[in-house]
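Undergrad: build me a structure from this.
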Amino acid sequence: KKILINNNRCESHLNTAYLITSIRNAMDPDDKYYQLEMEFYQREIPRLAKIQMKFANAILKSNFIGEIESEFGLEYINDKKVEALMRSKKVMHDYFHDNQLIKKYNSMFTESKVKLGESGEKLSVNNLMELMMSKSEKQRREAWDALNQLLMNDLKKYAIFDEEFITNRRKIAKKLNYDS
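TA: Residues are numbered from 1 along each chain as shown. As a prediction, the model looks like this:
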């Protein structure tokens, strides 16, 4: 019981750290610290996923599966089944590709620059986000209009990304015998 609780706690801490890093990196893609943190996670997540898959399989093959289910619930067991399936060798490479696509999308979005209103000043998405919370209605409107223009200008790039991402997810679903 203690091992399962500690494992859940460790996974929760790792997921939280990754999420914070991901958000901070998206907010400021030029921050070297978070760039390196994201590179670390992208390099290490596949290794960690293998360990998590082995752990999930060990739980599922355990002689104590009944006790585990009564202590943690059927949902916990079902989560471990999904975890083992989603981290299996047959889809591991596809999930790595998924990670790369997400990284590409985040970079594409956060590194884009757009002209702001009458001033014509070129700003990043992060700068626009700050202006969207300005006390000045004019600044908020200009920031929203600039973001809208950016998205419309880059619509083709985002559509290509979406198609790549959906194609990869369908490939994963097919390998896992799901209808997509």
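Undergrad: CA atoms for contacts and neighbours, from now on please.
TA: Fine.
Undergrad: what are the ranges of the strands in this structure?
TA: In the chain, the segments counted as strands under DSSP state E are 113-116, 121-124.
Undergrad: and the first one, how far from the chain's centre?
TA: The reference is to strand 113-116. With C-alpha atoms, centre = their mean, to the nearest Å as the basis, strand 113-116 stands 26 Å off its chain's centre.
Undergrad: try stretch 28-39
TA: The answer for stretch 28-39 is 15 Å, by C-alpha atoms, centre = their mean.
Undergrad: for the residue sitting furthest away from the middle of the chain, which residues are in contact?
TA: Seen from the C-alpha centroid of the chain, the residue lying at the greatest distance (C-alpha atoms, centre = their mean) is Glu118, 35.7 Å away. Applying C-alpha atoms under 8 Å, 6 or more residues apart in numbering, we find Glu118 in contact with no residue.
Undergrad: also Arg87?
TA: With contact set as C-alpha under 8 Å, 6+ apart, Arg87 has these partners: Ala49, Lys50, Met53.
Undergrad: same list (the strands of the chain) but as JSON lines, adding mean pLDDT.
TA: Below are the strands of the chain laid out as JSON lines (pLDDT from 0 to 100):
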{"stretch": "strand 113-116", "mean pLDDT": "82"}
{"stretch": "strand 121-124", "mean pLDDT": "83"}
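Undergrad: which one of the ones you listed lies nearest to Glu142?
TA: Closest to Glu142 of the strands of the chain, according to C-alpha to C-alpha: strand 113-116, at 6.3 Å.
Undergrad: quick one: strands adjacent to the closest one?
TA: Paired with strand 113-116 in the same sheet, following DSSP bridges, are strand 121-124 (antiparallel).
Undergrad: what does the strand it pairs with rub up against?
TA: Outside strand 121-124, the residues touching it (C-alpha under 8 Å, 6+ apart) are Thr110, Glu111, Ser112, Lys113, Val114, Lys115, Leu116.
Undergrad: tell me the buried residues in that strand?
TA: Buried residues in strand 121-124, counted by 16 or more other C-alpha atoms under 10 Å: Leu123, Ser124.
Undergrad: ditto for stretch 15-26
TA: Buried-residue list, stretch 15-26, by 16+ other C-alpha under 10 Å: Tyr18, Thr21, Ser22, Arg24, Asn25, Ala26.
Undergrad: then stretch 58-77?
TA: Buried residues in stretch 58-77 (16+ other C-alpha under 10 Å): Ile59, Leu60, Ile68, Ile77.
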